[in-house]
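Q: Got a predicted model here, sequence first, then my questions.
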Amino acid sequence: MTEESHRSPMGPAGADAGQGLWQACVEQLAQDLPEQQFNTWIKPLVAQVAEDFSKVTLLVGNRFKLDWIRAQYAGRIAALLESIYGQSVTLELALAQREAVARTYIRPATTPAATPSDAPNHSSDEAPAGAFRTRLNPALTFETLVEGTANRMARSAAMHVAGMPGHLYNPLFIYGGVGLGKTHLVHAVGNKLLADRPDAKVLYIHAEQFVSDVVKAYQRRTFDEFKERYHSLDLLLIDDVQFFANKDRTQEEFFNAFEALLAKKSHIVMTSDTYPKGLANIHERLVSRFDSGLTVAIEPPELEMRVAILINKARAESTEMPEEVAFFVAKNVRSNVRELEGALRKILAYSRFNQKEISIQLAREALRDLLSIQNRQISVENIQKTVADYYKIKVADMYSKKRPASIARPRQIAMYLAKELTQKSLPEIGELFGGRDHTTVLHAVRKISGERQQLTELNQQLHVLEQTLKG
Ligand SMILES: Nc1ncnc2c1ncn2[C@@H]1O[C@H](COP(=O)(O)OP(=O)(O)OP(=O)(O)O)[C@@H](O)[C@H]1O
C-alpha cells in the first residue's frame, strides 16, 4: 500500500472509519473469492472513502485492470459495501497512473470527477500538504515477479536491500535491456520496505522526472526545497539513469543527493539499460559511484521462465493457459517480458471474443501478425549481415575458411543465432556458412550458449543482436 492511502487528506477519524468500512469489505471478499483472484485483483486496491461514507473510490494500477475489475467485481463490491454500511454507497474506479511523465491520478472518462475532499490534489506534481508521495505502484511486488535464472541474482540482491536497507549493496545498480522487469523490481523493493516499515520515506522516480525536478528548482530558485525533498529519503529508487546523459546540472544535483543519502545510510537503487562503464556522457565521478556498491544484470528470460511468466500472468487474469500453449508462445516471443504480456493479452482477448478455448491453434491465429513478421524478418542471410556489421567484419568472412579469432568468433555467434532464431537444421546452417559440417555448427552453438551464461558482456551483445534482428 502506498503512503497516500495512509494519509488521505480527510480528517483522521473519518479516514480511520472509512478504511474500516473498506477493510470489512476486503475481509469478506477474501472469504468469498479464490485466493489467487483475491490476491491479484482485490488486495492491491487502494481505497479512498468519503467522510460521510457516501462514496468509495478505488485506485487501480492500470486501465486493463480497471476494466477487468469494473466488469468482474465492481457490482459485487458495491453490493457488499452497501450491505456493510446499511445505506447506499457510490463506488468509483480510478486509475493510479505510474508513468514517469504524467504521474497523476487519471480518471477514466466514464467516471465523474471526485470532490476535492476525497481525492488527493494531483493537479500539480507536488504532494498534498502533509502527505509524502512514494510514486510506487502497489501491484509491482516480489510476489508478482516470476523468478528465473535471468533475474535470480538481481532479485535476491533487491530482496536483501528491501529487508535491510542502508547495509550491503549500496548503491544497487540493476541493468538490462528493455522490458525485462527492472522497473518492476525496483517498485518491489519499495513496496516491501513500506510493508515492513510504513513510515519509511521511499521515493520511486524516473530519471527524466528527476531532470524535470532539477529544471523546476532552477527556474523557481527552490533548490533548498529540492534538496530537503531528496536528501531526506530512506530509499531512493531511480529508473533509467542513462537519461542523465549530457545533463550536467542534473548530474551535479544527483551527485549531491547521492553523497548525502549514502552518508546517512539511506539506500539507493538505480536501473539503466547498460552497466555503469557502458553509460555515455555521464561524468566519471558519477559512473564510479554507480559502480561502487553492487552491479547486477537482468538477462532476457530463458524459455522455462517465459513459460512460467505466461502461465502466471494468465492465472492473474483468472485463465488457465495450457502448458503446451505457453511453450508455443514462449518459443515464438523471446525478446522481453513486455512483448510476452502483449502476446498474452492478444490471446486472451481473441479467446474471449470468439468464445474459444485457448489452444495452440488459437494462439497461432491470435498472434498471426506477430509470427508472420518474425518469419519474414529472420533469415540466416540477415543474421550473417547483421552480425558482420556489428563486429565490423565482411559478410564474405561468414562463408570463408579464415580462422583468426576476430573472424571465427563472430561467425560462431552468427551460427548460434541462426540456430536460435530460425527453424533451420544444423546441416542446413552449415551449408549456408560456406559448406561447413554440422558438427562445426553444433560446436559453435554449444560454445556460445555456454559462454552466454558466464559472460555478461557477450550476453548483452547477443541481446542487442537479437533485438536488432527481431526489429
Ligand atoms: N520476471 C517477471 N515476472 C513477472 N512479470 C514481469 C517479469 N519481468 C518483467 N515483468 C513485467 O513485464 C513488464 C515490463 O517490465 P518493466 O517495465 O519492469 O521492464 P523494464 O526492464 O523496466 O523496461 P524498460 O527499460 O523498457 O523500462 C511489466 O509489466 C512487468 O511487470
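A: Ah, there it is.
Q: show me the contacts for the spatially closest residue to K55 that is not a sequence neighbour.
A: Spatial nearest neighbour of K55, chain neighbours left out: T90 (4.5 Å); criterion: C-beta to C-beta, 6 or more residues apart in numbering. The way it works is simple: take the backbone N, C-alpha and C, and place the C-beta from them, glycine included. Applying C-beta atoms under 8 Å, 6 or more residues apart in numbering to T90 gives the contacts S54, K55, V56.
Q: Check what pLDDT the closest residue to the ligand within the stretch 1-150 of the chain gets.
A: Closest residue of the stretch 1-150 of the chain to the ligand, C-beta to the nearest ligand atom: V146 (3.6 Å). pLDDT, V146: 95.
Q: In contact with L185, which residues?
A: Contacts of L185 (C-beta under 8 Å, 6+ apart): L145, N151, A154, R155, A158, I174, T271, I298.
Q: wait, I meant N151
A: Listed by C-beta under 8 Å, 6+ apart, the contact partners of N151 are L145, L180, G181, L185, I298, E299, P301, M305.
Q: do the helix or strand that contains the fourth one and the ligand meet at all?
A: Yep, that's L185 we're talking about. L185 belongs to helix 182-196 when assigned by DSSP states H and E. Yes. Counting by C-beta under 6 Å from any ligand atom, the ligand has neighbours in helix 182-196: K182, T183, H184.
Q: Most neighbours among those residues, which one is it?
A: Within the residues of helix 182-196 next to the ligand, most neighbours by other C-beta atoms under 10 Å means K182, with 24 neighbours.
Q: low-confidence ranges in the stretch 201-350 of the chain?
A: Within the stretch 201-350 of the chain, no range satisfies pLDDT under 70.
Q: Of all residues in it, which one is closest to the ligand?
A: V337 (3.5 Å).
Q: try the chain
A: G181 (2.6 Å).
Q: For that residue, give me its contacts.
A: Residues near G181 by C-beta under 8 Å, 6+ apart: L145, N151, I298, V337.
Q: okay, now the domains of the chain?
A: Here the domain parsing of the chain from automatic domain parsing is 3-118, 152-297, 303-376, 378-470.
Q: Pick the most buried one from the ones you listed.
A: Highest mean neighbour count among the domains of the chain (mean count of other C-beta atoms under 10 Å): domain 152-297, with a mean of 19.
Q: thinking again about what came up before, export the contacts of G181 to TSV and tack on distance to W22 and secondary structure?
A: Below are the contacts of G181 laid out as TSV (distance: C-beta to C-beta, whole Å; DSSP: H, G, I helix; E, B strand; the rest coil):
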residue	distance to W22	secondary structure
L145	26	coil
N151	34	coil
I298	35	coil
V337	32	helix
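Q: Quick check: of those, which lies closest to A207?
A: I298 (17.2 Å; C-beta to C-beta).
Q: Pop out the phi and psi values for the residue nearest to the closest one when sequence neighbours are not counted.
A: Here the nearest residue to I298 in space, its sequence neighbours aside, is G176; by C-beta to C-beta, 6+ apart that works out to 3.6 Å. Dihedral pair for G176: phi 170, psi 170, per degrees, to the nearest 10.
Q: now E92
A: Per degrees, to the nearest 10, the backbone of E92 is at phi -130, psi 150.
Q: That one contacts V56, doesn't it?
A: Yes. Counting by C-beta atoms under 8 Å, V56 is a contact partner of E92 at 7.1 Å.
Q: Determine how far the last residue of stretch 240-254 lies from the first.
A: Terminal residues of stretch 240-254 lie 13 Å apart, using C-alpha to C-alpha, to the nearest Å.
Q: helices or strands up against the helix or strand hosting Q31?
A: Using DSSP H and E, Q31 sits in helix 12-32. On a contact count with 3 or more C-beta pairs under 8 Å, 6 or more residues apart in numbering; DSSP states H and E, helix 12-32 meets strand 46-49, strand 55-60, helix 74-85.
Q: I'd like the average pLDDT over it.
A: Mean pLDDT, computed over helix 12-32, is 75.
Q: from the middle of its chain, how far away would the helix or strand just after it be?
A: Remark: after helix 12-32, the chain's next helix or strand is helix 35-37, criterion DSSP H and E. Put simply, helix 35-37 sits 22 Å off its chain's centre (C-alpha atoms, centre = their mean, to the nearest Å).
Q: Same question for stretch 392-404.
A: 39 Å.
Q: Figure out the length between the terminal residues of that stretch.
A: End-to-end distance of stretch 392-404 (C-alpha to C-alpha): 14 Å.
Q: Run through who's touching that stretch.
A: Counting by C-beta under 8 Å, 6+ apart, Q384, K385, V387, A388, S406, I407, A408, P410, R411, A414, F433, G434 sit against stretch 392-404.
Q: Could you confirm E147 falls within a strand?
A: No. Counting by DSSP: H, G, I helix; E, B strand; the rest coil, E147 falls outside a strand, being coil.
Q: What count of nearby residues applies to it?
A: When neighbours are counted by other C-beta under 10 Å, E147 registers 12.
Q: is it true that it touches A158?
A: No. E147 is beyond contact range of A158, at 11.1 Å (criterion: C-beta under 8 Å).
Q: Provide the secondary structure category for E51.
A: Under three-state DSSP, E51 comes out as coil.
Q: ok, now how distant is P198 from A47?
A: From P198 across to A47, the span is 16 Å (C-beta to C-beta, to the nearest Å).
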